[in-house]
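Student: Take this sequence and fold it.
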Amino acid sequence: MANWCSNTVVFEGEPEAIEQIQRLFKSMAEKQQKENCGQLPEFIQDSNGGYFFDIYQDDDVTGIFQYETKWSPNIEVVQAIAEHYNVNFTQDYEELSNGVCGRAMFSDKLLTDIYLDEEEFEQYEFDEETDTYHFEGEEYESDYEILETLLERKIAIHQS
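Tutor: Numbering: from 1, shown residues only. Okay, the predicted model is just below:
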């Protein structure tokens, strides 16, 4: 049984290209509903996995998609889509039970993938008695805010 990696990808580019990507993801979502299996765009070889599952998009939002992948993010597949349509993207992903949390950014044909290492995951603790997380002297109900803070810090360092 695969662990599911949650992904959110935001495509940016010419409106015509984003509209084509909208149709692509809508088509893959409809095909998954019918076939009950993961999907890839037709122009991508299926030898490396990276299938999209449970594709979701808000009806009133353009160019932003949420979906699941098995085990890890499908950055290479998303990059192939971006290259095919000549657009940029930002992909946030997480599969916390395996210590996977990061952001991939593709801009001007350059891919940057920034993710948390084991050391970052060790910077906070879970208290089973109180069912809370402890980080830098503060108490949190969830580790999501902590991980988001750690990732944003790492991105800021990378960009400086």
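
Student: what's the domain layout of this structure?
Tutor: Listed by automatic domain parsing, the domain ranges of the chain are 4-106, 116-160.

Student: Tell me where the protein has strands.
Tutor: Assigned by DSSP state E, the chain shows strands spanning 4-12, 53-56, 64-70, 88-95, 100-107, 110-115, 125-127, 132-135, 138-140.

Student: Residues in contact with the fifth one: which ones?
Tutor: Read it as strand 100-107. 5, 72-73, 75, 78-79, 82, 88-95, 111-116, 121, 147, 151, 155 (CB atoms under 8 Å, 6 or more residues apart in numbering). For every residue, glycine as well, the C-beta is placed using N, CA and C.

Student: One more: the second one?
Tutor: By CB under 8 Å, 6+ apart, the surrounding residues in contact with strand 53-56 are 4, 25, 28-29, 32, 38-39, 65-70.

Student: Which one of the strands of the chain lies nearest to Glu19?
Tutor: strand 4-12 (10.6 Å; CB to CB).

Student: Can you name every helix or strand that the closest one contacts?
Tutor: helix 15-35, strand 64-70, helix 75-85, strand 88-95 (3 or more CB pairs under 8 Å, 6 or more residues apart in numbering; DSSP states H and E).
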